[in-house]
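Peer 1: I need the structure of the sequence given here:
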Amino acid sequence: MDELTMVAETFDEGGPSAQETDAGRRRLEELMRPKPRNRPRRLQFGLGLGLVAAATAAMVVAASLGEGQAGPVLSKEQAAEQHLQARTFLLAAATRLEAGTALKAETPLKAGRYWRQRTLRGQAWRVVPKDGGYVIYTEVESDVWQPRTASGRGYFAEKAKPVGPRTPEDMAAWRKAGSPARWRAEADGDRLNLSSDNKPLGPHRPSYLTLDPNTEPPSVESRLTSGADPAAFVAMVRRDAGFVDGSANELMIGARYIGDQLAAPKSRAAVLRMLAGLSGVRSIGTVQDACDRKGVALAAPWVDRADGSVVEYQLILDPKTNHVLGDQMILKKAGETGMRPGIRFDYTCMLSESWTNETPPRD
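Peer 2: Just a heads-up that it's a prediction; the model follows:
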């Protein structure tokens, strides 16, 4: 039995209703019928899709996706089956989350003075061709302390890690180029100078997984209030703005909300059920995220970009807790980027989040 099936069956105490199962089967048959192919609108994403800013700096973690391989194009039947698996997984996870019966029981959150969250964001950059053309990575860790009350004072810090190549192929190209510590690099049409000890150029203040770094995070009080009502919480998801059209955008936005552990489990479960209704979202089974943790990955339909590249957004969930481990963008077709297909060129890891009564450090 594969791990995805085991997880789905373990989650499935009652599982989807007969009506949901019938609807899923009808959707499977519908997806399997031949349809005219409409080429999606070509889009230009903002750098890092809002997950990483143009000059974040980072240490590279070990690659866990076979770099340089885009993966086979699925048949309609395979895509439809993976879509049904995703739907089953999401509905079962919602049931377990709402009932509080996850494989690893979620300890009720006891409010403290601060809600503390640590995230890791990474970005791939291609060294300009005349300097070697290999790929280097930046990475930055954020530490956010949000006060429980509006009168409290929060704390925010970013820690940049060394910049450099990470795969054997890129390491070899870097050594061949003389092992430089400074690079001219580019990504998504942006070019800048990077060094191995780069520091973040600006604060990004994330409050949960994919919050737009250019906006202030909502307060703890507002998050507790908005996350208490499932209908209102789902309405917020549907109103939220994104970067692309279709299911890829909705999956990215949904990740923000199911990743907010300050929201009530019943509200996060309602968003999981909403995501189960998205067309084209597939379960691709167990993967390792950028922080080398295993989770079940849900993939959105591939998206064409203005530079000719094609990408796939993946949301990675912990099947034991229903929590978001992170997300990532995988390059499926290079286009003008010059990077190898299979590269994980943008990612976020949720490292930890919880209430704390500790006092944050002060600058």
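
Peer 1: all the strands of this protein, residue numbers only.
Peer 2: Here the chain has its strands, by DSSP state E, at 114-127, 135-147, 155-160, 182-187, 190-195, 282-288, 294-299, 303-304, 310-317, 324-333, 344-356.

Peer 1: mind listing the helices for the stretch 201-350 of the chain?
Peer 2: 220-226, 230-239, 246-258, 265-276 (DSSP state H, counting those that start in this stretch).

Peer 1: so which of those comes closest to Val310?
Peer 2: helix 246-258 (11.5 Å; C-beta to C-beta). Using the backbone N, CA and C atoms, a C-beta is placed for each residue, glycine as well.

Peer 1: show me what that closest one is packed up against.
Peer 2: Counting contacts by 3 or more C-beta pairs under 8 Å, 6 or more residues apart in numbering; DSSP states H and E, helix 246-258 packs against helix 230-239, helix 265-276, strand 310-317, strand 324-333.

Peer 1: which residue sits closest to the residue at minimal distance from the centre of the chain, ignoring its sequence neighbours?
Peer 2: Closest to where the C-alpha atoms of the chain average out (C-alpha atoms, centre = their mean) is Asp327, at 1.7 Å. Nearest non-adjacent residue to Asp327, counting by C-beta to C-beta, 6 or more residues apart in numbering: Leu315, 4.9 Å away.

Peer 1: how near is that neighbour to Gly326?
Peer 2: Counting by C-beta to C-beta, to the nearest Å, the gap from Leu315 to Gly326 is 8 Å.

Peer 1: more neighbours: the two, which one.
Peer 2: Gly326 (28 against 25; other C-beta atoms under 10 Å).

Peer 1: okay, that one: pLDDT?
Peer 2: Among the per-residue scores, Gly326 shows a pLDDT of 93.

Peer 1: can you check Asp346 too?
Peer 2: 88.

Peer 1: same deal with Tyr208?
Peer 2: Reported pLDDT for Tyr208: 43.

Peer 1: tell me, how many residues neighbour Lys199?
Peer 2: Count around Lys199 with other C-beta under 10 Å applied: 12.

Peer 1: how many neighbours does Lys320 have?
Peer 2: Neighbour number of Lys320 under other C-beta under 10 Å is 15.

Peer 1: what about it, distance to Trp183?
Peer 2: Lys320 is 40 Å from Trp183, by C-beta to C-beta.

Peer 1: same check on Ala299?
Peer 2: Counting by C-beta to C-beta, the separation of Ala299 from Trp183 is 31 Å.

Peer 1: beta partners of Lys354?
Peer 2: You called it Lys, but residue 354 is Ser. Arg116 (DSSP bridges).

Peer 1: which helix runs longest in this protein?
Peer 2: Scanning the chain for the longest helix, with DSSP state H as the assignment, gives helix 76-99.

Peer 1: what helices or strands is that one leaning on?
Peer 2: helix 3-11, helix 18-32, helix 265-276, strand 282-288, strand 294-299.

Peer 1: same thing but 10 Å
Peer 2: helix 3-11, helix 18-32, helix 246-258, helix 265-276, strand 282-288, strand 294-299, strand 310-317 (3 or more C-beta pairs under 10 Å, 6 or more residues apart in numbering; DSSP states H and E).

Peer 1: for Glu139, find the nearest of the helices of the stretch 201-350 of the chain.
Peer 2: helix 246-258 (19.5 Å).

Peer 1: what residues of that closest one count as buried?
Peer 2: Buried residues in helix 246-258, counting neighbours by 16 or more other C-beta atoms under 10 Å, are found at 246-258.

Peer 1: how about stretch 273-288?
Peer 2: With burial defined by 16+ other C-beta under 10 Å, the residues of stretch 273-288 counted as buried are Arg273, Met274, Leu275, Ala276, Leu278, Gly280, Val281, Arg282, Ser283, Ile284, Val287, Gln288.

Peer 1: ok so, going back, the residue nearest to the centre of the chain is in contact with Met252, isn't it?
Peer 2: Yes. At 7.3 Å, Asp327 and Met252 qualify as touching, with contact defined as C-beta atoms under 10 Å.

Peer 1: hmm, back to that, kindly indicate which of the buried residues of helix 246-258 lies nearest Ala80.
Peer 2: The closest of these, once distances to Ala80 are taken by C-beta to C-beta, is Ser247, at 14.2 Å.
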